[in-house]
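Asks: Fold the following.
(chains A and B)
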Amino acid sequence: MVVSIRNLTKRYGDLTALDDFSLGIGEGEVFGLLGPNGSGKTTAINCMLSLLKYERGTVELFGRPMQPDAYDIKRDIGIVMQNVAVFDELTVAENVDYFCGLYIADKRTRRPLVDEAIAATGLSEFRKFYPKKLSGGLLRRLNIACGIVHKPKLIVMDEPTVGVDPQSRNNILEGILKLNAGGATVLYTSHYMEEVEQICSRIAIMDRGRVIALGTNAELKNMAGAGEKITVEVFSADRGFLAGLREMPSVISAECANGTLLVKSARGGNSLLGVLDHLKSRGVAFGKVFSELPTLNDVFLEITGKNLRDEG
Amino acid sequence: MFGHIFINNLKALVRTKEVIFWTLLYPIALATFFFLAFGNLASAELFGTIDVAVVQDAHFERSTPLYAALSSVSDLDKDASENDVFRVAVTDADTASRMLDEGEVAGIISYDGGVRLTVSGSGFDQTIVKGFLDSYLQSESTVSQIMKENPDAIGEGLIADIANRTGYVRESAGGNPDTTVIYFYSLLAMTCLFAATVGIQETIKVQADLSPLAARNNVAPVKKFKLFLSSVSAAVLLQLVIVLLVLAYVIIVLGVDFGPKTGLVLLTCAVGCVTGIFFGTLVSAAVRRSEGIKYAVVISLTLLFSFLSGMMYAEMKYIVQQNVPLLAYINPVNLITDAFYALYYYDGLSRYLTNILLLGCMGAVFAALTCLILRRRKYASI
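Replies: You can find the predicted model right below:
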């Protein structure tokens, strides 16, 4: 195991930020820690990196206990903070070189690594720019370049795409997969389920300092009772067709409001054709039709009764 | 590693506009303001040779003691010197009166049943002439009294001794003390202590609960003490250069006199800068509030210390020294100001050494307390 956290408990006064939190990450994984804001993701990372004190539990990285003075372990870790952590007064290239220099003393060894990190994050044109001159997306990329420049074995990324434009986000996600392909283990936290679904091989869903679900993307979705979700634009004031829909064996629920019909079917069931046939047979005119498979939000909703992004 | 962190921190500091403004441009602007505001005040207090007219008549020619007294402090003896207090024009009453009206002389000394002084206004020069004559009249009265009671004293050179004021005059005219230098001394001391703002920045870079940058630094495989020491060393070097630039501006451009002991003046600046930086690191480490509050605390305390050491009101330094001497000894700005003052006014070094040792000890205490607080490696919250 690259990361092994057992029974971690961390309190801020009366608030329990981590409640018997346990996690294991194997070598070569892109592991996603998904949870709403305030669920304890950043606290878990800070405890793991020995920045925060905790009341109970153990943290082992690369099979050794993690301590503030465990410099041999720290040498193999790269961190991308949630808040951008760079010098405003140093240029892009100087920033990347500075953080690389904290791990690698020899300047000649550093030079190709700095060039590589800058190129990998798409910042080659901005080498001599000061951070204040960069857009939000480019600044996030610089934040990442500073964290990965020394080619760490374990990369911890704490919400690296917050406030980033779609182009930069895609660039960042592709970059993470490349790093993983190069041998790095990645711990990636986010409250964007689409990102986690896109890049992570395993996912832990957190709420109130606890892991409430753990598995691959498919395994987690299988935990949801609901299956396909069908949305149909209907042009009929008559609601008589709803009773027939609700009697269909694979349908869990059917509701219609403001000209939109929402049908939820049971997991494993395929109701789309049946629903459309029923509407035709009842002479209900319809327009746009959408069919969605369950998302991680549905899983979270089912377990906690709330939405991932609604929680502040 | 030390050099890598040192150089990059130095680069970052040099490029920080706030640092350059508060520690370099602001003191230079303030020094220029002081120079413009106090320049005339200082020159008004300079001793220069004062023009006086003496009415030549029979009384004056017979008054040997007055002639002798005037000769000893003027060019009346035909031997002009830069130590002369008066340049005497011996003339008739009408010419003397015209010279007074036209401002060519500060006063007219005449003899009309007794020594008389006529002036057309009040001022520094007129006060000196009056002081001289008062002193002469007092001496004359004393001599008359002695002559009555001990006539033999005349033969023992009493008149010549009393008339001779050369020693008194030379001592006063040679020193040209300028009280406005206190303003510049405390300004330079304030500049040293403003290094505290840089100290705040350097602490924020290593204390993980204060900034994301510090958190990233703490995750790196570098000892926290090494990180802190290299950052602070960069700050010390920058501040030392800045204080030397301010000092050069004050001495060379504004012409403020810091005395001949240049090496000790530089030592004072160096110790002052180090103490200032550790003052900032201590406030930053101890005050568990936002960055803005840390800066507010440091700048407020520095200005208060500067006020108490005479930067806004020169007399304040003496008021504090007389009434609350302990406050003078624990005020770093006052210790730096007083060190400059001691170098300028005193030949001996005991007062200077007391100041510099106290200042050095204060810096050491600030540094030790900072290290004690910063040695914590894990935080309760970030």
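Asks: sec struct for residue A:275, please.
Replies: helix (DSSP: H, G, I helix; E, B strand; the rest coil).
Asks: Am I right that it is in contact with residue A:232?
Replies: Yes. If you go by C-beta atoms under 8 Å, residue A:275 and residue A:232 touch, sitting 7.0 Å apart. Any C-beta I mention is one placed from the backbone N, CA and C, and that applies to glycine too.
Asks: Spit out the residues that contact the two alike.
Replies: Contact with both residue A:275 and residue A:232 is made by residues residue A:263, according to C-beta atoms under 8 Å, 6 or more residues apart in numbering or on different chains.
Asks: between the two, who's got more neighbours?
Replies: residue A:275 (25 against 22; other C-beta atoms under 10 Å in any protein chain shown).
Asks: So for that one, what pLDDT did the model give?
Replies: Looking at residue A:275, its pLDDT is 89.
Asks: what's stretch A:94-113 in contact with?
Replies: A:75, A:86-87, A:90, A:114, A:117-118, A:131, A:142, A:145-147, A:149-151, B:1, B:4-5, B:8, B:11, B:216-217, B:220-222.
Asks: buried subset of the residues you listed?
Replies: A:86-87, A:90, A:114, A:117-118, A:131, A:142, A:145-147, A:149-151, B:1, B:4-5, B:8, B:11, B:216-217, B:220-222 (16 or more other C-beta atoms under 10 Å in any protein chain shown).
Asks: So which of those belong to helices?
Replies: Judged by DSSP state H, helices contain the following of the buried ones among the contacts of stretch A:94-113: A:114, A:117-118, A:142, A:145-147, B:4-5, B:8, B:11, B:216-217.
Asks: Below-threshold pLDDT in chain B: ranges please.
Replies: B:39-47, B:61-64, B:77-80, B:82, B:153-179, B:376-378, B:382 (pLDDT under 70).
Asks: From the centroid of it, which residue is nearest?
Replies: Geometric centre of chain B, nearest residue: residue B:182, 2.6 Å, by C-alpha atoms, centre = their mean.
Asks: Let me know the helix or strand that it is in.
Replies: helix B:181-194 (DSSP states H and E).
Asks: list the helices and strands that helix packs on?
Replies: Applying 3 or more C-beta pairs under 8 Å, 6 or more residues apart in numbering or on different chains; DSSP states H and E, one finds that helix B:181-194 contacts helix B:26-44, helix B:224-248, helix B:262-286, helix B:291-308, helix B:332-345.
Asks: mind putting those in TSV, mean neighbour count included?
Replies: Listed next are the helices and strands packed on helix B:181-194 as TSV, based on neighbours: other C-beta atoms under 10 Å in any protein chain shown:
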stretch	mean neighbour count
helix B:26-44	15
helix B:224-248	20
helix B:262-286	24
helix B:291-308	18
helix B:332-345	25
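Asks: what residues are up against residue 296?
Replies: Looking at chain A here, since you left the chain open. Residue A:296 touches A:34, A:193, A:196-197, A:203, A:205, A:217, A:220-221, A:308, counting by C-beta under 8 Å, 6+ apart.
Asks: Let's see the pLDDT reported for it.
Replies: 82.
Asks: shouldn't residue B:266 be in contact with residue B:244?
Replies: Yes. Counting by C-beta under 8 Å, residue B:244 is a contact partner of residue B:266 at 7.4 Å.
Asks: Next, find the distance separating residue A:125 from chain B.
Replies: To chain B, residue A:125 is 21 Å away according to C-beta to the nearest C-beta, to the nearest Å.
Asks: pretty sure that residue belongs to a helix, no?
Replies: Yes. Under the criterion used here (three-state DSSP), residue A:125 sits inside a helix.
Asks: Neighbour-wise, which one of the contacts of residue A:296 leads?
Replies: Of the contacts of residue A:296, with other C-beta under 10 Å as the count, residue A:34 tops at 28 neighbours.
Asks: Now that one. Its backbone dihedrals?
Replies: The phi/psi pair for residue A:34 (degrees, to the nearest 10) reads phi -110, psi 140.
Asks: now residue B:223
Replies: Dihedral angles for residue B:223 - degrees, to the nearest 10 - are phi -60, psi 140.
Asks: List the residues that contact it.
Replies: Here residue B:223 is in contact with A:69, A:71 (C-beta under 8 Å, 6+ apart).
Asks: show me where the stretch 101-250 of chain A has strands.
Replies: A:154-158, A:185-190, A:202-207, A:210-215, A:226-234 (DSSP state E, counting those that start in this stretch).
Asks: Distance to chain B and mean pLDDT added to those, as TSV?
Replies: Output for the strands of the stretch 101-250 of chain A, formatted as TSV (distance: least, C-beta to the nearest C-beta, whole Å; pLDDT from 0 to 100):
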stretch	distance to chain B	mean pLDDT
strand A:154-158	9	94
strand A:185-190	13	94
strand A:202-207	18	92
strand A:210-215	20	92
strand A:226-234	38	86
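Asks: Same list (the ones you listed) but as JSON lines, adding distance to residue B:37.
Replies: Listed next are these as JSON lines, based on distance: least, C-beta to C-beta, whole Å:
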{"stretch": "strand A:154-158", "distance to residue B:37": "55"}
{"stretch": "strand A:185-190", "distance to residue B:37": "59"}
{"stretch": "strand A:202-207", "distance to residue B:37": "64"}
{"stretch": "strand A:210-215", "distance to residue B:37": "68"}
{"stretch": "strand A:226-234", "distance to residue B:37": "78"}
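Asks: I'd like to know which of these is closest to residue B:325.
Replies: strand A:154-158 (54.8 Å; C-beta to C-beta).
Asks: Give me the residues contacting the closest one.
Replies: By C-beta under 8 Å, 6+ apart, strand A:154-158 touches A:2-3, A:41-42, A:45, A:48-49, A:61-62, A:76-82, A:144, A:147-148, A:176, A:179, A:184-189.
Asks: which residues of chain A score low on pLDDT?
Replies: In chain A, residues with pLDDT under 70: A:268-269, A:309-312.
Asks: What are the boundaries of the helices in it?
Replies: Using DSSP H, helices in chain A cover A:41-48, A:71-74, A:92-101, A:107-120, A:136-148, A:166-181, A:193-199, A:217-222, A:241-246, A:272-281, A:296-304.
Asks: Residue B:109: which of those is closest?
Replies: When those are compared (using C-beta to C-beta), the closest one is helix A:92-101, at 75.8 Å.
Asks: Buried residues of the closest one, list them for me.
Replies: A:92-101.
Asks: cool, and stretch B:139-146?
Replies: Those would be B:139-140, B:143, for stretch B:139-146 by 16+ other C-beta under 10 Å.
Asks: Just to be sure, which of those are found in helices?
Replies: B:139-140, B:143.
Asks: how long is stretch B:6-26 from one end to the other?
Replies: 26 Å (C-alpha to C-alpha, to the nearest Å).
Asks: Now tell me what touches that stretch from outside.
Replies: In contact with stretch B:6-26 (C-beta under 8 Å, 6+ apart) are residues A:87-90, A:94, A:98, A:101, B:191, B:194-195, B:197-198, B:201-202, B:205, B:230-231, B:233-235, B:237-239, B:242, B:245-246.
Asks: Report the distance from it to the chain centre.
Replies: 27 Å (C-alpha atoms, centre = their mean, to the nearest Å).
Asks: cool, stretch B:97-111 as well?
Replies: 36 Å.
Asks: Can you get me the start-to-end distance on it?
Replies: Stretch B:97-111 end-to-end distance (C-alpha to C-alpha) = 14 Å.
Asks: cool, and stretch B:298-317?
Replies: Start-to-end, stretch B:298-317 (C-alpha to C-alpha) is 21 Å.
Asks: Find the residue closest to residue B:35 in space, skipping its chain neighbours.
Replies: In space, and not counting its chain neighbours, residue B:35 is closest to residue B:254: 4.6 Å by C-beta to C-beta, 6 or more residues apart in numbering or on different chains.
Asks: pretty sure the one you found is touching residue B:30, no?
Replies: No. Contact status for residue B:254 versus residue B:30: not in contact, 11.3 Å apart, counting by C-beta under 8 Å.
Asks: Which neighbours do these two have in common?
Replies: With C-beta under 8 Å, 6+ apart, residue B:254 and residue B:30 have no common neighbours.
Asks: So the residue nearest to residue A:51 when sequence neighbours are not counted: helix, strand or coil?
Replies: In this structure, residue A:51 finds its nearest non-sequential neighbour in residue B:208, 5.2 Å apart by C-beta to C-beta, 6+ apart. Under three-state DSSP, the three-state class of residue B:208 is coil.
Asks: Many thanks, I have nothing further to ask.
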